[in-house]
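> Need a 3D model of the following:
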Amino acid sequence: MAIRSSSLWWKVSLLSLFLLAFVVRLWPATFSPFPYNIDGFPQVRLAENLLSTGSLAPGAVSLLVYNAKMPVLPYFLAYVSKMTGLSAMDAIRLFLPLMGALSVICFVFVVHRWLGDRLVSLSAGAFLAFSGSYVYVTSAAMKEVLGMFLMPWIIFFFSGAASWRVSHGTLGGLLEGGAVSLLMILLVFTHHLTFLAAATMLFLSSIYSWTERFLGVGHDVPAQFGEGREFLFRVLSEGSFFFLAVVLPGVIGWWYYSSSSLEHYEILTANDKILYLSLVGLWLLFGLFVLMSTDASERRRSSYLKPLLVVLMAFSLLLANHFFSLFGASRTPLSLFLFIVPYVFLVSFSLVGFEVVRSTKWRYKTTVMGMLFAPGVMMTHALVSGLDVTSFNFLYRSYDYADFGLAVCAGIGIAYLSRGRHRDDAGVESVKRGRRGCNLRPGLLGRRVLAGSRRVQGRAAPGVFLVGLSLLTLPMGFAISELHGVDDVTEPYEFSALEIAAHIAERGNLTVYTDQRYHDIISPFFMVHSKSGLPEMMKNNETIPPGTLLVLSESWATEGGQEYPFPRVVVPWENINSTISGGTLLYRIGPAGSQIFIVRYD
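Here you go, the predicted structure:
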């Protein structure tokens, strides 16, 4: 009866976690009837083109051409729209949050497969379900959402390949490698940065795993590979898997991105390739040093000093960037600390968990290291490149991919803090090979919290604290304007103004001048010729060329015009008035303080 109750409780917990994750991600759909994030407008246009003409038909619009080179999301939206009868605009608002919530549950199953421990699995899931950074990247209307959905499946097949190769030899390597290869190739056409993160993760994890098993660091080589002919077959299995899972997708991705010349992310130039591969090598050496310096037979006392130092370093870096603009693109606003403080403390659970993981013989330790170090490679690349516009975008996205590694480490950290109050460090030795070499023996991490053990009851404070901190980071997913100076919500009056401007520009063969945000909506969605940079032109009293149509907002005098990734440009009131009076005012719409003006210059 207790077993049935435990199983029912587990299913209810999973269902509740999924529903809460979905509701949290669906909430931005109530802000506006349009995509949450302006990146969704090109996707909707391409999907509508597919539904109406059967082809992407990007024309000569640069944003459509760029997005058409990664067409999985438009095809997904067109398919959902056709199957459900929803418009592509509604499909992107409803189904991307669904995919984001499913990615949380998929990763919960990955962690549960690794450990067989429900406390760790649910804690990792709670980290992803409510962490503000992951909520945003899995609810905004971006290609990255589908990439994040594919990542847990890639991790699942990649991590399961070790057991298959040991038990099924070369055939196991081919089957698992083929599954990873197909998912990675699909990821090539889904989102380029997610593919780069996944490829880097697989490469690092593979090398780390080989080091452990071939050099006997943490594993008994004869037990894993045998001798003589059996050893050769194991090597062939490893090689076939590495070729299918890492080399083949890497070559395809490298060739496709280089030949397609992505307009907005030129990260694959010759110099960037050399720099990136060099940084991969440096992080690879760092990871090997971590493996070599870890003696799993020693008992280690958990230290809170390292997590505390990391927290202090993060605070110091953000504070220094506020005063000295270390990263060039923009200073850290003081309002950011309100959102980032709970996230930094949340990551401290992950640091505690990583200290436990690195001191064990756990088979999936190398996979977790790859999940954590691959985003580190991308961040380092952006910093070393000087954080120009391209590198800033690179850094802006790369930290999203660390959430998977941080989540599993946070789950282990919660289990350690909940069950390991004895301070005898017996738990460091508890990560042993159990069922199929991937379960945890009963002990510090293996005791199942849902089994009703009295020793577990009353120690739920760390888990409650993790959920509480995760909830405190939720504003990071919905307050993007305060964090990054960008507006993700498109109001109905803004869309109406852009629609009217598009019709006027099309009839009069005019070029639309506006800011970066309105440009990224009107150009791809209505397929009209437009240019950004109008706030800067108005601020500097530059001459407006004839044959143009201006779309400007009076909010530019207070909040500034959006020119991401550059800071907002505040235009003085007198400049706005002189610009309007210098042309022909055709239309105005919107509430007081945020009115949009459509002005024609002949």
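> And the strands in this protein, which stretches?
With DSSP state E as the criterion, the chain has strands at 511-513, 530-531, 548-553, 561-563, 566-569, 584-589, 596-601.
> so what strands line up beside the last one?
Which is strand 596-601. With DSSP bridges as the test, strand 596-601 is paired with strand 548-553 (antiparallel), strand 584-589 (antiparallel).
> Highest mean neighbour count out of the ones you listed?
strand 548-553 (a mean of 24; mean count of other Cβ atoms under 10 Å). Bear in mind the C-beta positions are built from the backbone N, C-alpha and C, glycine included.
> mind putting the strands of the chain in CSV, mean pLDDT included?
Formatted as CSV, the strands of the chain follow (pLDDT from 0 to 100):
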stretch, mean pLDDT
strand 511-513, 92
strand 530-531, 90
strand 548-553, 92
strand 561-563, 86
strand 566-569, 82
strand 584-589, 90
strand 596-601, 91
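> of those, which approaches R25 most closely?
Relative to R25, the nearest member of these by Cβ to Cβ is strand 561-563, separated by 23.9 Å.
> what sits up against the closest one?
For strand 561-563, the external contacting residues (Cβ atoms under 8 Å, 6 or more residues apart in numbering) are 485-487, 515-517, 532-536, 552-553, 568-571.
> Filter these down to the buried ones, ChimeraX style.
To isolate the buried ones among the contacts of strand 561-563 in ChimeraX, judged by 16 or more other Cβ atoms under 10 Å, type:
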select :485,486,487,515,516,517,532,533,534,535,552,553,568,569,571
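> Just the pLDDT for L56.
pLDDT recorded at L56 is 88.
> Verify the contact between it and R45 for me.
No. L56 is not in contact with R45 according to Cβ atoms under 8 Å; the separation is 9.3 Å.
> Counting neighbours around each, name which of the two comes out higher.
Ranked by neighbour count (other Cβ atoms under 10 Å), L56 and R45 place R45 first, with 27 against 20.
> Just give me the neighbour total for the nearest residue to I38 once chain neighbours are set aside.
Among residues not flanking I38 along the chain, D520 sits closest, at 4.9 Å (Cβ to Cβ, 6 or more residues apart in numbering). For D520, the tally of surrounding residues (other Cβ under 10 Å) stands at 20.
> With Y343 instead?
Y343 has 17 neighbouring residues, counting by other Cβ under 10 Å.
> correct me, but it touches S133?
Yes. Between Y343 and S133 there is a contact under Cβ under 8 Å: 6.9 Å.
> if I look at those two, which residues touch both of them?
Counting by Cβ under 8 Å, 6+ apart, the common neighbours of Y343 and S133 are 473, 476.
> surely P535 meets P567?
No. P535 lies out of contact with P567 (Cβ under 8 Å); the separation is 10.8 Å.
> Find residues that contact each of those two.
Common neighbours of P535 and P567 (Cβ under 8 Å, 6+ apart) are G560.
> sorry, back to before: kindly reformat the strands paired with strand 596-601 as TSV and extend each row with distance to M148.
Output for the strands paired with strand 596-601, formatted as TSV (distance: least, Cβ to Cβ, whole Å):
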stretch	distance to M148
strand 548-553	33
strand 584-589	36
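> And the residue nearest to L550 when sequence neighbours are not counted, how far from V80?
Distances taken as Cβ to Cβ, 6+ apart place V599 nearest to L550, at 4.3 Å, with adjacent residues excluded. As judged by Cβ to Cβ, to the nearest Å, V599 and V80 stand 39 Å apart.
> what does L187 give?
Distance, L187 to V80, by Cβ to Cβ: 19 Å.
> Who has more neighbours out of the two?
Taking neighbours as other Cβ under 10 Å, L187 and V80 compare with L187 leading, 26 against 20.
> Give the closest residue to the more buried one in space, chain neighbours not counted.
F195 (4.5 Å).
> same thing with G125?
Nearest non-adjacent residue to G125, counting by Cβ to Cβ, 6+ apart: V108, 4.0 Å away.
> Show the contacting residues for V599.
Residues in contact with V599 (Cβ under 8 Å, 6+ apart) are 549-550, 552, 579-580, 583-586.
> mind putting the residues you listed in CSV, distance to A374 included?
Shown next, in CSV, are the contacts of V599 (distance: Cβ to Cβ, whole Å):
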residue, distance to A374
L549, 45
L550, 44
L552, 42
T579, 47
I580, 50
G583, 51
T584, 54
L585, 52
L586, 51
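> quick one: low-confidence parts of the stretch 201-350 of the chain?
Along the stretch 201-350 of the chain, the model assigns pLDDT under 70 to residues 213-235, 237, 262-272, 294-311, 314-315, 317-319, 321-339.
> doesn't S553 make contact with M538?
No. Using Cβ under 8 Å, M538 makes no contact with S553, being 11.1 Å away.
> what residues are up against F286?
With contacts defined as Cβ under 8 Å, 6+ apart, F286 is in contact with F373.
> List just the one of the strands of the chain that sits closest to V104.
Taking Cβ to Cβ, strand 561-563 is the member of the strands of the chain nearest to V104, at 30.6 Å.
> Listing partners with orientation, what would you give for that closest one?
Applying DSSP bridges, strand 561-563 is found paired with strand 566-569 (antiparallel).
> to the chain's geometric centre, what's the distance from the partner strand?
Relative to its chain's centre, strand 566-569 lies at 24 Å (Cα atoms, centre = their mean, to the nearest Å).
> residue contacts, the nearest residue to L64 once chain neighbours are set aside?
Spatial nearest neighbour of L64, chain neighbours left out: P58 (3.6 Å); criterion: Cβ to Cβ, 6+ apart. Applying Cβ under 8 Å, 6+ apart to P58 gives the contacts 46, 49, 64-65, 67-68.
> now K82
Counting by Cβ under 8 Å, 6+ apart, K82 makes contact with L51.
> Give me the pLDDT for it.
K82 is assigned 92 on the pLDDT scale.
> That one and L51, how far apart?
For K82 relative to L51 (Cβ to Cβ), the value is 7 Å.
> swap in G533?
To L51, G533 is 33 Å away according to Cβ to Cβ.
> Ok, V384 next?
Going from V384 to L51 by Cβ to Cβ gives 44 Å.
> residue nearest the centroid of the protein?
Most central in the chain under Cα atoms, centre = their mean is D400, positioned 3.3 Å from the mean C-alpha point.
> leaving aside the residues next to it on the chain, what's closest to it?
Leaving out its chain neighbours, D400 is closest to V137 (Cβ to Cβ, 6+ apart), at 4.5 Å.
> mind exporting stretch 351-364 as PDB, just the C-alpha atoms?
Once non-C-alpha atoms are left out, stretch 351-364 reads as follows in PDB (Å, rounded to 0.1, in the frame of the first residue of the first chain):
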ATOM      1  CA  LEU A 351      27.700  24.800  -6.400                       C
ATOM      2  CA  VAL A 352      27.200  22.600  -3.300                       C
ATOM      3  CA  GLY A 353      25.900  19.800  -5.500                       C
ATOM      4  CA  PHE A 354      28.800  20.100  -7.900                       C
ATOM      5  CA  GLU A 355      31.200  19.700  -5.000                       C
ATOM      6  CA  VAL A 356      29.500  16.500  -4.200                       C
ATOM      7  CA  VAL A 357      29.400  15.200  -7.800                       C
ATOM      8  CA  ARG A 358      33.000  15.900  -8.500                       C
ATOM      9  CA  SER A 359      34.100  13.800  -5.600                       C
ATOM     10  CA  THR A 360      32.400  10.600  -6.700                       C
ATOM     11  CA  LYS A 361      32.700   7.800  -9.200                       C
ATOM     12  CA  TRP A 362      29.300   8.600 -10.600                       C
ATOM     13  CA  ARG A 363      29.100   7.600 -14.300                       C
ATOM     14  CA  TYR A 364      27.300  10.700 -15.400                       C
END
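> Now do it: distance to the chain's middle.
In terms of Cα atoms, centre = their mean, the centre of stretch 351-364 is found 23 Å from the chain centre.
> Ok, stretch 556-566 next?
25 Å.
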